[in-house]
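[1] pasting the sequence and the predicted coordinates here, then a few questions.
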Amino acid sequence: MARYTGPKTKIARKFGEAIFGEDKSFEKKNYPPGQHGNNRRRGKKSEYAIQLMEKQKAKYTYGILERQFRNLFKKANGSKGVTGEVLLQLCESRLDNIVYRLGIAPTRSGARQLVSHRHITVNGEICNIPSRIIKAGETIGVREKSKSVAAIESSLSNNSSVYEWVSWNSDRMQGTFVSLPERNQIPENIKEQLIVELYSK
């Protein structure tokens, strides 16, 4: 299974924000990676460089590789609605992202691992495909045998985030993907219009 497994803080420093969640190392070194850090003199970034940077940031944020991301863009481009907004909605609809949003895992990579290791169910059936697109009304839960897994219990007890497009029932350890989120509800700092411009060249 292909995914990015390199140093996450380095990537976060490259974009200048903690895109992988809370990161103490990033807080200590909040400047670009490399030998010269802030002292590196670079000219003004080209329009293409800015667009590419935004696409890379979105890919790393959601843990999606290039081919998957391009396919999501094609799907968004062919659908009704604003392409950039639909692209982010598709990213938010991925099973691994919803597991993260529900608080079952503290990070998206942790959520991906839980899905891959068959701890998560969709509509009562075990699903181990992190990239599965969830539709509004579908339920996502923790498998019966996995409800006592320490990592899941710890993540749920420490989770204080509430998102309007997902609901969580702590007694049943089950959540519902209520509806597609509006752009203003998605907290990620991504300028999706730049991604659309990049792929439209």
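    Structure's in. What do you need? Numbers count the residues shown, from 1 in each chain.
[2] which residues touch Glu164?
    Counting by C-beta atoms under 8 Å, 6 or more residues apart in numbering, Glu164 touches Val178, Pro181, Gln185. Just so you know, the C-beta spots here come from the backbone N, C-alpha and C atoms, and that holds for glycine as well.
[3] residue nearest the centroid of the chain?
    With distances taken as C-alpha atoms, centre = their mean, the residue of the chain nearest its centroid is Tyr62 (2.8 Å).
[4] circling back to that earlier point, what about the contacts of Glu164, which one has the most neighbours?
    Ranked by the number of neighbours (other C-beta atoms under 10 Å), the contacts of Glu164 place Pro181 first, at 20 neighbours.
[5] picking that back up, the residue nearest to the centre of the chain reaches Arg94, doesn't it?
    Yes. Using C-beta atoms under 8 Å, Tyr62 is in contact with Arg94, at 7.0 Å.
[6] give me the number of residues near the residue lying closest to Ala136 once chain neighbours are set aside?
    Leaving aside its sequence neighbours, Ala136 sits nearest to Ser179 (C-beta to C-beta, 6 or more residues apart in numbering; 4.9 Å). Ser179 sits with 13 neighbouring residues when counted by other C-beta under 10 Å.
[7] show the backbone phi and psi for Ser179.
    Dihedral pair for Ser179: phi -160, psi 170, per degrees, to the nearest 10.
[8] doesn't Trp165 make contact with it?
    Yes. Under the criterion of C-beta under 8 Å, Ser179 makes contact with Trp165 at 5.3 Å.
[9] what's the single longest helix in the protein?
    Scanning the chain for the helix with the most residues, using DSSP state H, yields helix 47-62.
[10] now do the buried residues in that helix.
    The neighbour-count check on helix 47-62 (16 or more other C-beta atoms under 10 Å) flags Gln51, Met53, Glu54, Lys55, Gln56, Lys57, Ala58, Lys59, Tyr60, Thr61, Tyr62 as buried.
[11] likewise stretch 105-115?
    Buried-residue list, stretch 105-115, by 16+ other C-beta under 10 Å: Ala105, Pro106, Thr107, Arg108, Ser109, Gly110, Ala111, Arg112, Gln113, Leu114, Val115.
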